[in-house]
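# next come a sequence and a model predicted from it.
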Amino acid sequence: MTAPNVTTTRRFGPLILLNIATLLSATGNGIVIVALPWLVLEQTGRATDAAIVAGAATVPLLLASLFSGTVVDRFGRRPTSLVSDALSALSVAAIPVVAGTIGLSVPVLALLAALGATFDPAGISARESMLPAATRAAGWKLDRVNSLYEANYNVAYLVGPGIGGVLIALVGPESTLWVTAVCFVLSIVTIAFLRLEHAGRPDHATRPASMWTGTLEGLRFVWNDRLLRTLALVDMVIVALYLPIESVLFPKYFTDQGQPAQLGWVLMAMSIGGLVGALAYGALAPYLKRRNLMLIAVSGLGLSMLGMAFLPPLWVLLGLSVVIGLVYGPVGPIANWAMQTRSPEHMRGRVVGVMTSTAYAAGPLGFLLAGPLIDQVGVQTTFFVLAVPVLAVALVCFTLPVLRELDADRQPPTVELGSRP
């Protein structure tokens, strides 16, 4: 007797919409990376002021991302993404509006940057939390989807800074920020068409009892998981040391040279490398160990930063930027895999939020160190101060046996959720 044919319907729509929305939102943020520090440096010329504004944009990210996962698990993934992008669009549009009316100052810019940064983490956590369901709908493997998703981010940060650098030269930094607001609006329109399992408001039985208790549950879950805890701590150190390079050191260096487009090229080169690295991970994941890729990433980042510290010619900087993106491209997909395979469905937003917040926790310290240090000893010495500790972190990672758990074969824990699509 012949067994009946079983046809599995694959739906790629949710995965496509998620990636389009992420591309639009991240492109807007990529423009801000170039436009905001340039706006500050154009007004005052002081790296400390640029660091203050960058730090002001980072400080709210810590608390916002920490609680964002609870917001996602409590109010639903799709609604949270829609509201987050709407508030982000309004906060970014406020900068050129204020510039054209009462005028901008460093404190006002810091306040507006902090306001805009407050709303981003919830949208990021919401979209990332929907990835496993979109993966099941498409019938793909997590490694493949995470590779595509992180490559999508790199495309955004490839396009965004490039657009930002060109627009700054053409229309100025204030007008450039209108493009960011449009990107967020288009992301809202995209998510409005999304229909996906577990994307709506969760069932009452699985929702966090309150914002505070839900966040504590997420913190305890991440801390009690050895692998997630280790990845979070390593990421904290790396972000603190690397983020000031993109947001303060390079803007200061290229501002002094009067070359906004070159700043965009360097950031674009990093994204090109990251795009290739993330996409390559999807193809090579079945054959390579995740732990080895992590070790290569941290070591390659430290060595490339050390090479940049010598402030070589532009073509060398561009090459090192590509290398940074290339070796670090697989880290995002690997971290996503760890979160997705070690968190239950009803807690995924909180786990993503907590892991994201740990990266932001050290960011303000990096800015507070880098800005004054540049003004005192210059860009080159500050580069060395930031690069050498990254190499030390790489050496520590080689001694951590817990990273071997990255090569365990796991599937995401599941639980029935009564959410609406």
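Sure thing, it's come through. Residues are numbered from 1 along each chain as shown.

# list the buried ones in stretch 279-296?
279-282, 285, 290-291, 293-296 (16 or more other C-beta atoms under 10 Å). Glycine gets a C-beta too; all of them are placed from N, C-alpha and C.

# show me where the stretch 201-350 of the chain has its helices.
Applying DSSP state H, counting those that start in this stretch to the stretch 201-350 of the chain gives helices spanning 211-224, 226-244, 250-257, 260-284, 290-308, 314-328, 331-342, 348-361.

# which one of the buried residues of stretch 279-296 is nearest to R348?
Among the buried residues of stretch 279-296, R290 lies closest to R348 (C-beta to C-beta), at 19.6 Å.

# you'd agree the closest one is up against L406?
Yes. If you go by C-beta atoms under 8 Å, R290 and L406 touch, sitting 3.8 Å apart.

# who touches both of the two?
I334 (C-beta atoms under 8 Å, 6 or more residues apart in numbering).

# which element is the nearest residue to F310 once chain neighbours are set aside on?
Nearest in space to F310, with sequence neighbours left out and distances taken as C-beta to C-beta, 6 or more residues apart in numbering, is Q380 at 7.4 Å. Here Q380 sits within helix 379-397, counting by DSSP states H and E.

# buried ones in that helix?
Neighbour-count burial for helix 379-397, counted by 16+ other C-beta under 10 Å, picks out 379, 382-383, 385-387, 390, 393-394, 397.

# please apply the same query to stretch 127-145.
When burial is assessed from 16+ other C-beta under 10 Å, stretch 127-145 yields the following buried residues: 127-138, 140, 142-145.

# sketch out the low-pLDDT regions of the stretch 1-150 of the chain for me.
1-9, 58-59 (pLDDT under 70).

# surely T135 is in contact with L15?
Yes. T135 lies in contact with L15 (C-beta under 8 Å); the separation is 7.3 Å.

# distance check, R11 against M130.
Separation of R11 from M130 (C-beta to C-beta, to the nearest Å): 13 Å.

# no no, A392
For A392 relative to M130 (C-beta to C-beta), the value is 37 Å.

# G332: neighbour count?
Close neighbours of G332, defined as other C-beta atoms under 10 Å, add up to 21.

# not counting its neighbours along the chain, what's nearest it?
Of all residues not flanking G332 in the chain, E150 sits nearest, at 3.7 Å (C-beta to C-beta, 6+ apart).

# and that neighbour, what element?
E150 belongs to helix 142-171, assigned by DSSP H and E.

# repeat for V34
helix 13-44.

# list the buried residues for that helix?
Using 16+ other C-beta under 10 Å as the test for burial, helix 13-44 gives 14-15, 17-41.

# ok, stretch 157-174 next?
Neighbour-count burial for stretch 157-174 flags 157-165, 167-168, 172-174 (criterion: 16+ other C-beta under 10 Å).

# ok, back up a step: between the helix holding V34 and helix 260-284, how big is the angle?
Between the axis of helix 13-44 and that of helix 260-284 there is an angle of 150 degrees, by axes from the mean of the first three to the mean of the last three C-alpha atoms, to 10 degrees.

# against which helices or strands is the following helix or strand past helix 13-44 packed?
As assigned by DSSP H and E, the chain's next helix or strand after helix 13-44 is helix 47-75. Contacts defined by 3 or more C-beta pairs under 8 Å, 6 or more residues apart in numbering; DSSP states H and E place helix 47-75 against helix 13-44, helix 77-100, helix 106-129, helix 211-224, helix 226-244, helix 250-257, helix 348-361, helix 363-377.

# can you list these in JSON lines and add distance to L186?
Below are the helices and strands packed on helix 47-75 laid out as JSON lines (distance: least, C-beta to C-beta, whole Å):
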{"stretch": "helix 13-44", "distance to L186": "5"}
{"stretch": "helix 77-100", "distance to L186": "9"}
{"stretch": "helix 106-129", "distance to L186": "13"}
{"stretch": "helix 211-224", "distance to L186": "30"}
{"stretch": "helix 226-244", "distance to L186": "27"}
{"stretch": "helix 250-257", "distance to L186": "27"}
{"stretch": "helix 348-361", "distance to L186": "23"}
{"stretch": "helix 363-377", "distance to L186": "27"}
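
# most neighbours per residue, which of these?
helix 348-361 (a mean of 27; mean count of other C-beta atoms under 10 Å).

# helices or strands up against that helix?
Using 3+ C-beta pairs under 8 Å, 6+ apart: helix 348-361 touches helix 47-75, helix 106-129, helix 211-224, helix 226-244, helix 331-342.

# mind putting those helices in a markdown table, distance to G366 included?
Compiled in a markdown table, these are given as follows (distance: least, C-beta to C-beta, whole Å):
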| stretch | distance to G366 |
| --- | --- |
| helix 47-75 | 8 |
| helix 106-129 | 15 |
| helix 211-224 | 22 |
| helix 226-244 | 4 |
| helix 331-342 | 18 |
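
# out of these, which is closest to R348?
helix 106-129 (4.7 Å).

# how big is the angle separating the closest one from helix 13-44?
Going by the same axes, to 10 degrees, helix 106-129 makes 170 degrees with helix 13-44.

# and the residue lying closest to E128 once chain neighbours are set aside, what pLDDT?
Beyond its immediate neighbours in the sequence, the residue positioned closest to E128 (C-beta to C-beta, 6+ apart) is V352, lying 5.2 Å away. On pLDDT, V352 comes in at 88.

# same question for A370.
Per-residue pLDDT puts A370 at 80.

# now it. Nearest residue, chain neighbours left out?
Closest to A370 by C-beta to C-beta, 6+ apart is P244, at 3.5 Å.
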